[in-house]
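Participant: Okay, sequence plus prediction incoming.
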Amino acid sequence: MGIWQKEITTVLLLLLATAIVGGITGLFLPILTLLMLAIIIRQVVQINRFQQWISTGGPRKHPKATGIWEDIYYHVYRFKKNEKRRKKKLSKMIDQFRQSTEALPDAAVVLGVHDEIDWANKAAREVFGLQPSDKGQRIPNLIRFPEFIRYLKSGNYKETVTLPSPVNNRITLEVRIIPYGVGLRLLLAQDVTQLKKMERMRKDFVANVSHELRTPLTVLKGYLETLQDMDDEHSPLLTSSFQQMQGQTERMQHLVDDLLLLTRLETQQKKSQCIDVPALLSQICKEGDALENASRRIQLTLETTGHIVGDEQELRSAFTNLLGNALKYSPEDSVVKVRWYQDKESIVLAIEDQGEGIAKADIPRVTERFYRVETKRIKKVNGTGLGLAIVKHVLMRHDAHLNITSELGKGSCFSCHFPVGRLCK
Ligand code: ADP
């Protein structure tokens, strides 16, 4: 028999007994009232007991009860037991997660909506010098590097920012912020000291080798020129050998010059002066046309007189490289268009040729160092494969970017986009 059926049967039996006793004694109503009162008092007592038991957290032992109340106690007790087990499992998981994040070699800090520290792991406490009492403090008050504050405020967390550790400036950190949840952010910092050291060593090595190669190359070139002057052209083998040797030393000299320029771009402070780009372009185009034996292939259109803030030497080298390529990789009788104009977002230098073009797959790679597209050309085109790497670097130093559109057999357009903020005031 179900618990409810039992309860109903008991009440019905009591009512029946009341009716019989009431019928015999003639006191049906008072007895019924007494019965109802007894039932209500019993329920009130049970509710009170239950309330007392639940208000103390529902301890293991519940008060003795019968009927429906025993069932209620049993279900509540079971529900509480399951809840306890679930809580235990959850807190174990949280503990494991905490332990694993504590053991992480990278620093991790959870930031709240107002840049306040919610939580930090051991590595973060070490590299940022954070104390347990810093919980709730705003992180810009503790890590005061301007690059970091700018990065934090920017809200653009696609890139990373590199900064020295506030407690040990020999440690270099690469910091990245990852937004998650509503307004929450995870700040991760990785120790990149060794990586930066190796990068510096590579740069120093390339710079030193390039520098050291300069003198022997100049000597070699000088002797070759003298020997060529002495050549009476009696031996065709000797003459062609001299020509090839000179060609190769020139190529090596270009390589060394380009490598040194790249090193300078990577290491030197940039200059900021107001540059008359239209005048610079006119000069470069004149030189380009002169190189092409007065064939006047270059069409220069200056749609804006905009001057920009930058380094003239660097911009000259970037623009000359782009123009040189346009002339080099297109037929000798084709036109090369050079345009300096301004649109809504940027000031643009576009150099367009009607040359061999670049395959789609090669476009993202042409700015890599030493990358040269292998194509069967009628005439051999000399180059170092460093020109566009230089262009990319120069533009990066001017907050600008290079855009390449090209179609095989039809031509290419290389455009440099400078932010309008670079215009001279
Ligand atoms: P390079 O010294 O070989 O010209 P760059 O870095 O300037 O080195 O260019 C890399 C490669 O990109 C070139 O070897 C060439 O294949 C391709 N390239 C560059 N500019 C053009 C252009 N205007 N038209 C077609 N191909 C080009």
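Facilitator: Perfect, thanks for sending it. The model shown is predicted, which means the values in this text are computed figures rather than measured ones.

Participant: From R125, how far off is I139?
Facilitator: With distances taken as CB to CB, to the nearest Å, I139 is found 13 Å from R125. All C-beta atoms are positioned from the backbone trio N, CA, C, and that covers glycine.

Participant: With neighbour numbers in mind, choose between those two.
Facilitator: For I139 and R125, the more surrounded residue by other CB atoms under 10 Å is I139, and the numbers stand at 23 against 17.

Participant: Make sure that one is actually in contact with D115.
Facilitator: Yes. Contact criterion CB atoms under 8 Å: I139 and D115 qualify, at 5.2 Å.

Participant: got any residues that touch both of these two?
Facilitator: Common neighbours of I139 and D115, using CB atoms under 8 Å, 6 or more residues apart in numbering, are L152.

Participant: The closest residue to the ligand within the stretch 101-250 of the chain sits in which helix or strand?
Facilitator: Ranked by CB to the nearest ligand atom, the top residue of the stretch 101-250 of the chain for proximity to the ligand is E250, at 13.0 Å. Secondary structure assignment for E250, by DSSP states H and E: helix 236-267.

Participant: and that helix, which residues are buried?
Facilitator: Judged by neighbour count using 16 or more other CB atoms under 10 Å, the buried positions of helix 236-267 are 242, 245-246, 249, 252-253, 255-256, 258-263, 265.

Participant: One more: stretch 307-318?
Facilitator: Neighbour counts over stretch 307-318 (16+ other CB under 10 Å) mark 307-311, 314-318 as buried.

Participant: Then stretch 359-378?
Facilitator: The neighbour-count check on stretch 359-378 (16+ other CB under 10 Å) flags 362, 366-367, 369, 372-373 as buried.

Participant: which bits of this structure sit near the ligand?
Facilitator: Contacts of the chain with the ligand, taken as CB under 6 Å from any ligand atom, map to 321, 325-326, 329, 353, 355-358, 366, 371-373, 383-389, 412.

Participant: Out of these, list just those in helices.
Facilitator: Taking DSSP state H as the definition of helices, the residues of the chain next to the ligand contribute 321, 325-326, 387-389.

Participant: What is the nearest of those residues to A120?
Facilitator: Within these, proximity to A120 (CB to CB) peaks at A389, which comes in at 39.9 Å.

Participant: Tell me who's in contact with that closest one.
Facilitator: By CB under 8 Å, 6+ apart, the contact set of A389 is 262, 367-369.

Participant: and if we set it to 6 Å?
Facilitator: Counting by CB atoms under 6 Å, 6 or more residues apart in numbering, A389 touches 367, 369.

Participant: now the strands: where do they sit in the protein?
Facilitator: For the chain, the strands defined by DSSP state E cover 107-111, 117-120, 161-164, 172-180, 184-191, 273-275, 298-302, 308-310, 336-342, 346-352, 401-407, 411-419.

Participant: Tell me the buried residues in the third one?
Facilitator: Buried residues in strand 161-164, counted by 16+ other CB under 10 Å: 161, 163.

Participant: Quick one: mean pLDDT for it?
Facilitator: Average pLDDT, strand 161-164: 94.

Participant: so what strands line up beside that strand?
Facilitator: Within its sheet, strand 161-164 is paired with strand 172-180 (antiparallel), according to DSSP bridges.

Participant: which regions of the stretch 51-200 of the chain lie under the pLDDT threshold?
Facilitator: Regions of the stretch 51-200 of the chain meeting the criterion pLDDT under 70 cover residues 60.

Participant: For it, which segments are assigned as helices?
Facilitator: Using DSSP state H, counting those that start in this stretch, the helices of the stretch 51-200 of the chain run over 68-103, 122-128, 146-154, 193-230.

Participant: Would you mind saying which of those helices lies nearest D289?
Facilitator: Nearest of those (CB to CB): helix 193-230, 27.2 Å.

Participant: ok, and for that closest one, which residues are buried?
Facilitator: Of the residues in helix 193-230, 193, 206-207, 210, 213, 217, 220-221, 224 count as buried by neighbour count, 16+ other CB under 10 Å.

Participant: Need phi/psi at D106.
Facilitator: When read as degrees, to the nearest 10, the backbone of D106 gives phi -90, psi 150.

Participant: residues touching it, list them.
Facilitator: Counting by CB under 6 Å, 6+ apart, D106 touches 188, 190.

Participant: tell me how far the ends of stretch 116-129 are from each other?
Facilitator: Stretch 116-129 stretches 16 Å from its first residue to its last (CA to CA, to the nearest Å).

Participant: what sits up against that stretch?
Facilitator: Residues outside stretch 116-129 that contact it (CB under 6 Å, 6+ apart) are 101-102, 104, 107-110, 112, 130, 134-139, 165-167.
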